[in-house]
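A.B. asks: Predicted model and sequence follow; I will ask about them next.
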Amino acid sequence: MTFRHICLTSALALAAGTASAEMNFNRIASFATPLNMAEGEDRGRETSAEIIAASADGMTLVYTDSPLGVVGRIDITDPKAPKALGNTDVGGEPTSVTVLGNTAYVAVNTSESYTQPSGKLVEVDLLSGEIGESCDLGGQPDSTAHDEAGTFVVVAIENERDEDLGDGRVGQMPAGWVSKVLIEDGAMNCDVQVIDVTGLAEIAPEDPEPEFVDVNALGEVVVTLQENNHMVVIGADGTVMNHFSAGAVDLKRIDTKDERGALRFVDAQPGRLREPDGVQWINDDNFMIANEGDMDGGSRSITVFNKNGDLVWESGSDFETAMIQAGHYPDKRSDAKGVEPEGMEFAVIGGTPYAFVLGERSSTVSVYDVSNPAAPAFTQLLPSGIAPEGAIAIPERGLFVTANEADLIEDGGARAHVSIYELQDAPAAYPQLTSEGADQLIGWGAVSGMVADGGLIHAVNDSFYGYQPTIFTIDPSQTPARIVAALPVLRADGNPAQKLDMEGITLDGEGGFWVASEGRTDRVVPHALYHVGADGVIDKEIGLPTELMSVETRFGFEGITKIGDTLWVAVQREWKDDPKNTVKLVAYNIETEEWGAVRYEKAAPEKGWVGLSEIVAFGDWVYVIERDNQIGAEAVTKKVYRIPASEMVPAALGGDLPVVSKEEVADLIPALAAQGGYVVDKVEGLAIMQDGTIWASTDNDGVDDSSGETFFWQVGTAETASN
């Protein structure tokens, strides 16, 4: 890579942000990889963006797409409006790419099997997309890098193991090595130099599996042997100048149990092998590694080593802290490797040396100022697409880019994306909700219903955290908004109230709460209303009457509000007795214990479904969120409507129910699109303060098949908000 210093003289600010104006990276655009398919191609096929690089002028991006066997190109002349340049078939599985000038050098895996690995290094012209010369690498390649002078490309030949054999252990022959391809007069010399790294590691020394390589300004190459838990430093002359074990870390304050949505950072793992993946030089003497782990390790941390083998700095479990506080901790990976730091990038931008570390499972970028390699300073947490794999900085343009590999087409979820960020003289736009500054480490996610309480907001998590139902207290007066307290919801015996799907919350007027739980009778999760005291203990459970249970479906209560003695709950989607495109607003009178309902006519979906996800009474109106389940360009309906409170007169169940009128208050899609990523689907929280300020929030699905992003923003006021 190239080390360059620049001075940024101008940048554009985002509307939303945190703290006072200062230099921050903010996401400005995203590009969905299916856009690079040619007209007529099936965009329903799986695609991906894995490793990414940029042209010398920083105007063109190129990324590897292994499912399609291509490299994709993107025009970022205007980085806020990336344009598709199409895909180039490289004749195999591309594993990595690095760029010199306008030539991309693509490592391509052509292996017939694990025991007969093969690969090549292929030239691709970034201007035309045409294939040039290729060199036989003799084995299965992984990562690539080049020196600053552009005289060689180095390739990690992994010859990866078969994880289904021998419990997935090394060694499995053939061994890997490092290849060095010289660039002479702009052309590859295919008399490839093979650098032997066998016999060095303590773990399976006969079977090294080089994973990631990087080159410093002296032409020295650092190599991670992930499965071997070893580091190798190769001199400019192509000989091994040093090697040493990556060692182990004593981890404290981590969550190691994959319980059903229970965030408990109370465990320890002594002697956890680092097993590093990504590596980047941060100067000519020191490099940083991302300790993803594999067979026995995964320290969930990042580490700085000197090339002589001295440990310079270790993050330990602190690396996960910002992700936990921002709601990005992936609980389903607790028993494995946590957030899994994997890819990395280093660049000097605006005079500051930055390390960018990708959290594969948290879908984040952790930004560190590494001016002092012995004390890297965390500066920002950036949202990414799902499962960031590769990254590239473009220092002269103040840009940083991630390639996000997960393509959730089978689940109707987000497609693989490339995300673009810019260093701006502006506040950080993300996170918009964090538990940083709380008296204790508060993990959270899947925020659903909300309710205002004076100057604070209370919010609940949904069934993703079914083993840890919680009422969070949010201070929206701070930027970003702060979760200042977490109240566990308990049964009378003091145990967590498992099998709740809390989708709505409202105040009882006496210091406690009413909570609406969306039922799943097929999973023994009841449709019910719960009264929760100020101490978090449930003291009353109200089940649904026969008239409702006889027509119920799994798409139940999605919000709750209180008008006088009556609780009103919004039902998400049609039940068995509802006319098409109508749903019930169900009423329960606390004093008389009588049930009733009205009907609400929702938009007809253009694709998927449309339903209600929140209800809030304020003044003479009742406000609801109406949303579809679509994301990105497919999203149509994410709106706030209001209903005259005078029409909220419940009719008896079983008869004809009156249909209330509605008036659009705000279209939420522009605000979601302004975040620079894809439009998320789950707008589920709404709270209206005493002065009429409307706050909305999104549900991040507990970072499960989701980018983990939670947006929490001010929509407007109850009097003036409009579309």
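C.D. replies: Yes, it's here.
A.B. asks: so residue 312, which of the three states?
C.D. replies: strand (DSSP: H, G, I helix; E, B strand; the rest coil).
A.B. asks: I'd like to know how many residues surround it.
C.D. replies: 18 (other C-beta atoms under 10 Å). The way it works is simple: take the backbone N, C-alpha and C, and place the C-beta from them, glycine included.
A.B. asks: Isn't residue 206 up against residue 196?
C.D. replies: No: Residue 206 is beyond contact range of residue 196, at 11.6 Å (criterion: C-beta atoms under 8 Å).
A.B. asks: Quick one: residues contacting residue 131.
C.D. replies: 88-91, 122-124 (C-beta atoms under 8 Å, 6 or more residues apart in numbering).
A.B. asks: mind putting the residues you listed in a markdown table, neighbour count and secondary structure included?
C.D. replies: Converted to a markdown table, those look like this (neighbours: other C-beta atoms under 10 Å; DSSP: H, G, I helix; E, B strand; the rest coil):
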| residue | neighbour count | secondary structure |
| --- | --- | --- |
| 88 | 25 | strand |
| 89 | 12 | strand |
| 90 | 26 | coil |
| 91 | 15 | coil |
| 122 | 23 | strand |
| 123 | 18 | strand |
| 124 | 24 | strand |
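A.B. asks: For those, give me a markdown table that also has pLDDT and distance to residue 519.
C.D. replies: Converted to a markdown table, the contacts of residue 131 look like this (pLDDT from 0 to 100; distance: C-beta to C-beta, whole Å):
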| residue | pLDDT | distance to residue 519 |
| --- | --- | --- |
| 88 | 98 | 51 |
| 89 | 98 | 50 |
| 90 | 98 | 51 |
| 91 | 98 | 53 |
| 122 | 98 | 55 |
| 123 | 98 | 59 |
| 124 | 98 | 54 |
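A.B. asks: which one among those gets closest to residue 101?
C.D. replies: residue 123 (11.0 Å; C-beta to C-beta).
A.B. asks: And the pLDDT at the closest residue to that closest one other than its chain neighbours?
C.D. replies: Excluding the flanking residues, the one nearest residue 123 by C-beta to C-beta, 6 or more residues apart in numbering is residue 132, at 3.3 Å. Reported pLDDT at residue 132 in the predicted model: 98.
A.B. asks: Residue 132: neighbour count?
C.D. replies: 14.
A.B. asks: Give me the below-cutoff pLDDT ranges for the stretch 201-350 of the chain.
C.D. replies: Residue ranges of the stretch 201-350 of the chain with pLDDT under 70: 259-260.
A.B. asks: Please, where are all the strands along it?
C.D. replies: 210-215, 221-225, 230-234, 240-245, 248-254, 267-273, 279-281, 286-291, 301-306, 311-314, 341-349 (DSSP state E, counting those that start in this stretch).
A.B. asks: I'd like those strands written out as a markdown table, with distance to residue 441 added.
C.D. replies: Output for these, formatted as a markdown table (distance: least, C-beta to C-beta, whole Å):
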| stretch | distance to residue 441 |
| --- | --- |
| strand 210-215 | 31 |
| strand 221-225 | 30 |
| strand 230-234 | 31 |
| strand 240-245 | 31 |
| strand 248-254 | 7 |
| strand 267-273 | 13 |
| strand 279-281 | 28 |
| strand 286-291 | 21 |
| strand 301-306 | 16 |
| strand 311-314 | 19 |
| strand 341-349 | 19 |
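A.B. asks: Of these, which is nearest residue 616?
C.D. replies: Once these are compared by C-beta to C-beta, strand 248-254 is nearest, at 37.1 Å.
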